[in-house]
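Asks: kindly generate the corresponding structure for this input.
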Amino acid sequence: MSNNMNALQQYIDLYTEHRQAVEANSPAALNAHRPAALAALADARLPRKGQDDYEATDLEAVFAPDYGVNLGRVDFDINTTEVFHCDVPNLSTCLYFNYNDMFHASTTVRPQAGGVVVESLRQAAVNHPDVLQKYYATVADVAEPTVALNTLLAQDGVLVYVPDGVTAPRPIQLVNIISTNMPLMAVRRVLVVMGENAKAQLLVCDHSQSASSQCLTLQVVEVVAGAGSTLDYYDMEESNASTHRVSTIAVRQERDSNVLVDGITLLNGMTRNNYIVDVDGEHATTQLLGMTIASGSQHVDTHTLIRHNAPRCNSNEMFKYVLGDTAVGAFSGKILVNPDCPRVEAYQGNRNICASPEAKMYTKPQLEIYTDDVKCSHGTTIGQLDEDAMFYMQARGISRETARTMLMQAFMSDVVDAVRLDILRDRLHHLVEKRFAGSLATCADCITACKRK
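Replies: Just a heads-up that it's a prediction; the model follows:
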């Protein structure tokens, strides 16, 4: 075993030693993909810091600790109404939970309408086996090491299925709660299937209940957007410094589909977010947005790839970072336009503010175009707060700290305003203001707000 395979090898060995238990606790549709995942890991290498003169994250080091994995599927006895109170008051959602990587429906969940399905993959294997067998592990690339590791170890997950022509009457909210008194790797899997002309809004929130133990979330989300479907996928991370996350969100779009994916990181330890979008149908629209506010020693690394595999479609991508203290940010994005795909319009932007001299930002935007008659562009900036604007505001009686907060809020406003869920957009303005002011709106704030209603 080579030295740079140690981190992956311990989990390969774990699976090999407990293969019978893993497969006994999993539906057949998940077990069917483990051989391919194991084969992919045989020669896999995790990215290392400094690789290719860009890589800002040492994933080998992230996976090196001996995290426990809940292979026995021990279900923790929790009262979700006690451990979580939504930080978005008045958001009327159908609420579900992942506790570490165990799926729970809220005791107060409203009945779904129109045939909308939100259930565990185990339940889906019984209730909707055709959907699970057709789409599971078909969007995310198992050749990518972290996807392969997730596919090897995932024993359950969540299915969100909106049938043809159905509009989900309420936003669907999935809350991922991390809570453990020992080092733990939570292996989460989510499959979102949108039928033809279906519509839904999905809000996914990450929260940590304890900072006493190191946790790693290994997440893979697969999204299938059928012809003419519309999906908003909002991914909010409010964890803590002891929580690391490696997430891959892979999307496949068919003709005339409209997909918005918005990644929001407000508090974390180390985060690596991979977004891969395959635009496979004409006249499809993609919005890929991201917002990061990082301070202390937070580390947020984003990799994106939008592949235009069909003509006459468009994508708009924008990621913004504000970094303070010794925080580290990274962005590597590529737009690929394949041959015979004319009339594609694609834009990629990355805008960053380093609010302290010690903060670091790595950025690498890319365009790769193999056809004519397209409109594609990209741009990136790394700067500091406008001192002239700061002086102007201070000269009118605004304190320096208030001026800083106002300028950073204005910098993030276009990303926040792009949120299509009104009540979430309003709450994000409040969360961003609190974050820039040096605090974070907490569940306690939410409880107080709800009591006033």
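
Asks: then stretch 401-415 to CSV, C-alphas only?
Replies: What follows is stretch 401-415 as a C-alpha-only set of coordinates in CSV (Å, rounded to 0.1, in the frame of the first residue of the first chain):
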residue,chain,number,x,y,z
GLU,A,401,-17.3,48.6,12.0
THR,A,402,-20.8,49.6,10.8
ALA,A,403,-19.4,50.8,7.5
ARG,A,404,-17.5,47.5,7.1
THR,A,405,-20.7,45.6,7.7
MET,A,406,-22.7,47.6,5.3
LEU,A,407,-20.2,47.3,2.5
MET,A,408,-19.9,43.5,2.9
GLN,A,409,-23.7,43.2,3.0
ALA,A,410,-23.9,45.2,-0.3
PHE,A,411,-21.2,43.0,-1.8
MET,A,412,-23.3,39.8,-1.1
SER,A,413,-26.7,41.4,-2.0
ASP,A,414,-27.0,40.1,-5.5
VAL,A,415,-26.3,36.5,-4.5
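
Asks: tell me how far it lies from the chain's centre.
Replies: In terms of Cα atoms, centre = their mean, to the nearest Å, the centre of stretch 401-415 is found 24 Å from the chain centre.

Asks: outline the domain layout of the protein.
Replies: 3-281, 387-453 (automatic domain parsing).

Asks: Leu428 and Asp422, how far apart?
Replies: Computed with Cβ to Cβ, to the nearest Å, the distance linking Leu428 and Asp422 is 11 Å. Every C-beta, even on glycine, is put in place using the N, C-alpha and C of the backbone.

Asks: who's more crowded, the two?
Replies: Neighbours were tallied for Leu428 and for Asp422 using other Cβ atoms under 10 Å; the higher tally belongs to Leu428 (23 against 9).

Asks: ok so the more buried one is a helix residue?
Replies: Yes: Leu428: assigned to a helix according to DSSP: H, G, I helix; E, B strand; the rest coil.

Asks: can you get me a residue count around Val117?
Replies: By other Cβ under 10 Å, the residues close to Val117 number 17.

Asks: can you name the residues bridging to the residue lying closest to it once chain neighbours are set aside?
Replies: Spatial nearest neighbour of Val117, excluding adjacent residues (Cβ to Cβ, 6 or more residues apart in numbering): Tyr161 at 4.1 Å. As for beta bridges, Tyr161 partners with Val117, Val193 under DSSP bridges.

Asks: what number of residues lie near Tyr161?
Replies: 24.

Asks: try the one 10 residues further on
Replies: By the criterion of other Cβ under 10 Å, Pro171 has 20 neighbours.

Asks: for it, give me its contacts.
Replies: For Pro171, the contacting residues are Leu91, Ser92, Thr93, Cys94, Ala200, Gln201, Leu202, Leu203, Leu421, by Cβ atoms under 8 Å, 6 or more residues apart in numbering.

Asks: skipping adjacent residues, who's closest to Ile249 in space?
Replies: In this structure, Ile249 finds its nearest non-sequential neighbour in Val221, 4.5 Å apart by Cβ to Cβ, 6+ apart.

Asks: which of the three states applies to that neighbour?
Replies: Assigned by three-state DSSP, the conformation of Val221 is strand.

Asks: how much space separates it from Val204?
Replies: Going from Val221 to Val204 by Cβ to Cβ gives 8 Å.

Asks: which residues are common contacts for these two?
Replies: With Cβ under 8 Å, 6+ apart as the test, Val221 and Val204 both reach Val190, Tyr233.

Asks: which residue of this structure lies farthest from its centroid?
Replies: Among residues of the chain, the one most distant from the C-alpha centroid is Ala395; the distance is 41.3 Å, by Cα atoms, centre = their mean.

Asks: residue contacts, that residue?
Replies: Counting by Cβ under 8 Å, 6+ apart, Ala395 has no contacts.
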